[in-house]
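Trainee: Return a 3D structure for these sequence lines:
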Amino acid sequence: MIQEVKIGSTLERKITSNSTQTTTFLWDGENVFSTPSLIAEMEETCRLLLKKQFLNDDEWDSVGTLVNVTHIAATPIGFKILIESKVISVDNRRITFEVEASDEVEKIGSGKHERFIINIPKFRSKFESKKSALMLRSFGKTIKEA
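Mentor: Numbers count the residues shown, from 1 in each chain. Below you'll find the model as predicted:
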């Protein structure tokens, strides 16, 4: 069952940064929590807000469609990070969130994220059709090259 998404709804989520979420180019030894990992964790927090509070049916979920995030401070691996998401806009199935993340010392990032609510079976059907079309197109090129 899908419930109406309410502006002002929030979710806080705590994670611990780990070695799979680091940059690899700064210096040997200790690396820092990466921007792509920050964005992924913010997206997942927004997704979980929708899933836990409004999308109580396994056939419904959401996908990210827009990210506008600033990453303003480095976080060492092993630090705890608090991620907060808040629904700020609802346009039918398009939901916009305000997101913020802080480590144990300071705010490390903030921004906006947009998600679109999907029906998984319909989404999968469209995806499979596209994949089939691309495979046929690729197969046709292979035959022409032969």
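Trainee: Would you map the helices across the chain?
Mentor: Remark: helices of the chain, listed N- to C-terminal, are 35-53, 120-145; assignment by DSSP state H.
Trainee: Worst mean pLDDT among these?
Mentor: The stretch with the lowest mean pLDDT among the helices of the chain is helix 120-145, at a mean of 80.
Trainee: mind checking how far it is from the chain centre?
Mentor: With C-alpha atoms, centre = their mean, to the nearest Å as the basis, the distance from the averaged C-alpha position of helix 120-145 to the chain average is 26 Å.
Trainee: Output the contacting helices and strands for that helix.
Mentor: Helix 120-145 sits against strand 60-71, with contacts defined as 3 or more C-beta pairs under 8 Å, 6 or more residues apart in numbering; DSSP states H and E. All C-beta atoms are positioned from the backbone trio N, CA, C, and that covers glycine.
Trainee: relative orientation of the strand it packs on and helix 120-145 in degrees?
Mentor: Comparing the axes of strand 60-71 and helix 120-145 via axes from the mean of the first three to the mean of the last three C-alpha atoms, to 10 degrees yields an angle of 80 degrees.
Trainee: Any chance of TSV for the helices of the chain, columns mean neighbour count?
Mentor: Rendered in TSV, the data for those read as follows (neighbours: other C-beta atoms under 10 Å):
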stretch	mean neighbour count
helix 35-53	19
helix 120-145	10
